[in-house]
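# Take this sequence and fold it.
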Amino acid sequence: FVPYINVRFSAETVSSVLFFAFYLLVMQPFAGKKGVWGHLLAGFLAVCVLFIRLQFAFAFLPIAFVLLFRNKTPLAGWGSLIAGAIVAVGCCTAIDYWLYGCYTCTPYNYFDQNILQNKAAGFGTMPAWWYITEFIGKGVPPISIGLLVLYVLGTAKQIKHPLAQITLFFILGHCAIGHKEMRFLYPVLPSFLWCCFAGLDYVLQTYNANKPVLTTLKVFTWLNMALLCFRSLTPAHERIAYYCFIDQYSRTHPTTVVGIGQSPYFLDVIELNFYKRKGIAIATLNTEQQLDSLYRQHPARPYLYISHTAPLDRSWQGFKGERLYSLFPNFILQNNFNHWQERSDIWAVYRLVK
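Have a look, this model is predicted:
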């Protein structure tokens, strides 16, 4: 999942890049003019991070402790940090005024709406352990389980390191907030993986002669490489692959794609116009029965339907479905033991035939 997350142009990714640039600058020993300019830029980046992603405030706490008590940053360093921060506040406020048309403090507005007024809870609240169970499923077990074990080991062994503290504070802070989404943790992915590799170092040093452990690591490595290749060569959302198939199919067959209740090209919150060819007609029906009258107008035209399950997820009265395409190979779909396909998110493109 790392390449996909790192190439997304999102608030999470941009704030992560700026934060770790700030980290590299501010963790260098303060020395003369070079230190002044480095801390000036670090202060500027710190404020930009908070304007982009206010939740990074959790990660700044251990860095403040390091600067105050461990690195013992001199007054010149603190002055440079504050000066850079003031410049950044001015720049970000000017940009907000330009885009909003009035003076406003967007980090405070975000804090006020989502924390003080608890508007974020309107999108749903989850228990504190939600990130653990969600990561196990989204990160692809058993790799996700292995990463969690390595993260715990690495954090325990390197708890005094700022990167371990940054990750821990960031994750615990988000666990304390009721509304949770996996993307909220994307910004600390670099330091999370650093902790995982610290745990891996400990495992290799401790069990360097244990064949079962080494064999398990090799299996995980090859499995990860296979999944990396698969994810790199397939769309981020599997539905895109089905749109591509329909695009190719419509080049030789004037096609109508039907949907029930909403356009078949509506995904989450937006209509995906990019994948519509001129030769593709879209029919949004209220009920399955309306397909019959549509069919009478153009009986020779292929009518395609994207099913959310490999077996057709609707009963089209008077029509049967011919499966044209699915990402899963036929030898897997031929076996529907205990109706597992109806309970799985396996999409398919069907042609509806009278």
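
# where do the helices sit along the stretch 251-354 of the chain?
Under the criterion DSSP state H, counting those that start in this stretch, the stretch 251-354 of the chain contains helices at 290-297, 330-333.

# elements contacting the shortest one?
Helices and strands touching helix 330-333, by 3 or more CB pairs under 8 Å, 6 or more residues apart in numbering; DSSP states H and E: there are none. Quick note: C-beta positions are derived from backbone N, CA and C, even for glycine.

# start at 773 instead
Sure thing, new numbering starts at 773, so read that last one as helix 1102-1105.

# does Cys863 belong to a helix or a strand, and which?
In this structure, Cys863 sits in helix 847-872 according to DSSP states H and E.

# now swap in Tyr795 and tell me
Under the assignment here (DSSP H and E), Tyr795 is part of helix 783-798.

# same question for that helix, mean pLDDT?
Per-residue pLDDT values across helix 783-798 average out to 95.

# relative to helix 847-872, how tilted is that helix?
Orientation note: helix 783-798 sits at an angle of 160 degrees relative to helix 847-872 (axes from the mean of the first three to the mean of the last three CA atoms, to 10 degrees).

# just checking, next helix/strand downstream of helix 783-798?
Stepping forward along the backbone from helix 783-798, the first helix or strand reached (DSSP H and E) is helix 804-824.

# Name the residues of stretch 834-848 that come out as buried.
Buried positions in stretch 834-848, judged by neighbour count with 16 or more other CB atoms under 10 Å: Pro834, Ile835, Val838, Leu839, Asn843, Thr845.

# Just those: which are in helices?
Secondary structure of the buried residues of stretch 834-848 is defined by DSSP state H; positions in helices are Pro834, Ile835.

# And the contacts of the helix holding Tyr795?
Around helix 783-798, the neighbours that count as contacts under CB atoms under 8 Å, 6 or more residues apart in numbering are 777-779, 810-811, 813-814, 817-818, 820-821, 824-825, 828, 831, 835, 839, 853, 934-935, 938, 955-956, 958-963.

# How far does that helix sit from its chain's centre?
In this view, helix 783-798 has its centroid 17 Å away from the chain centroid, taken as CA atoms, centre = their mean, to the nearest Å.

# try stretch 844-851
Distance, centroid of stretch 844-851 to centroid of chain: 37 Å (CA atoms, centre = their mean).

# ditto for stretch 778-793
Distance of stretch 778-793 from its chain centroid, counting by CA atoms, centre = their mean, is 12 Å.

# thinking again about what came up before, now the helix holding Cys863 against helix 804-824, angle please.
Compare the direction of helix 847-872 with that of helix 804-824 by the same axes, to 10 degrees and you get 30 degrees.

# mean confidence for helix 847-872?
Per-region confidence: helix 847-872 scores 95 on mean pLDDT.

# And the next helix or strand past that helix?
Heading C-terminal from helix 847-872, the first helix or strand you meet, by DSSP H and E, is helix 878-883.

# tell me which residues in that following helix are buried?
Thr878, Pro879, Tyr882.

# same question, stretch 974-989
In terms of neighbour count (16+ other CB under 10 Å), stretch 974-989 has its buried residues at Tyr974, Val975, Leu989.

# Adding secondary structure, distance to Phe1100 and pLDDT, write those residues out as CSV.
As requested, the buried residues of stretch 974-989 are arranged in CSV below (DSSP: H, G, I helix; E, B strand; the rest coil; distance: CB to CB, whole Å; pLDDT from 0 to 100):
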residue, secondary structure, distance to Phe1100, pLDDT
Tyr974, helix, 39, 94
Val975, helix, 35, 93
Leu989, helix, 29, 90
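
# Not including adjacent chain positions, what is the nearest residue to Ser1004?
Leaving aside its chain neighbours, Ser1004 sits nearest to Pro775 (6.2 Å; criterion: CB to CB, 6 or more residues apart in numbering).

# so what's the one you found up against?
Leu1000, Arg1003, Ser1004.

# any idea of the pLDDT on the second one?
In this model, Arg1003 is scored at 80, pLDDT.

# helices and strands around the helix or strand that contains it, which ones?
In this structure, Arg1003 is located in helix 983-1005 according to DSSP H and E. In terms of contact count using 3+ CB pairs under 8 Å, 6+ apart, helix 983-1005 is assigned the packing partners helix 774-779, helix 915-929, helix 961-978.

# just so I know, which of the ones you listed lies nearest His1080?
Of all those, it is helix 774-779 that lies closest to His1080, at 22.6 Å by CB to CB.

# what stretches of the chain score poorly on pLDDT?
Residues of the chain that meet the criterion pLDDT under 70 lie in 1113, 1115-1117.

# Looking at it, which residue reaches furthest from the middle?
For the chain, the C-alpha farthest from the mean C-alpha position belongs to Arg1068; by CA atoms, centre = their mean, that distance is 44.4 Å.

# Now do that residue against Gly1090, distance only.
Using CB to CB, to the nearest Å, one gets 11 Å for the distance from Arg1068 to Gly1090.

# how close does Asp1022 sit to Leu1124?
Quick fix: residue 1022 is Ser, not Asp. With CB to CB as the criterion, Ser1022 and Leu1124 are 15 Å apart.

# quick one on the thing from earlier: direction-wise, compare the helix holding Tyr795 with helix 961-978 and give the angle.
Using the same axes, to 10 degrees, helix 783-798 lies at 70 degrees relative to helix 961-978.

# Which positions within helix 783-798 qualify as buried?
In terms of neighbour count (16+ other CB under 10 Å), helix 783-798 has its buried residues at 783-788, 790-792, 794-795, 797-798.
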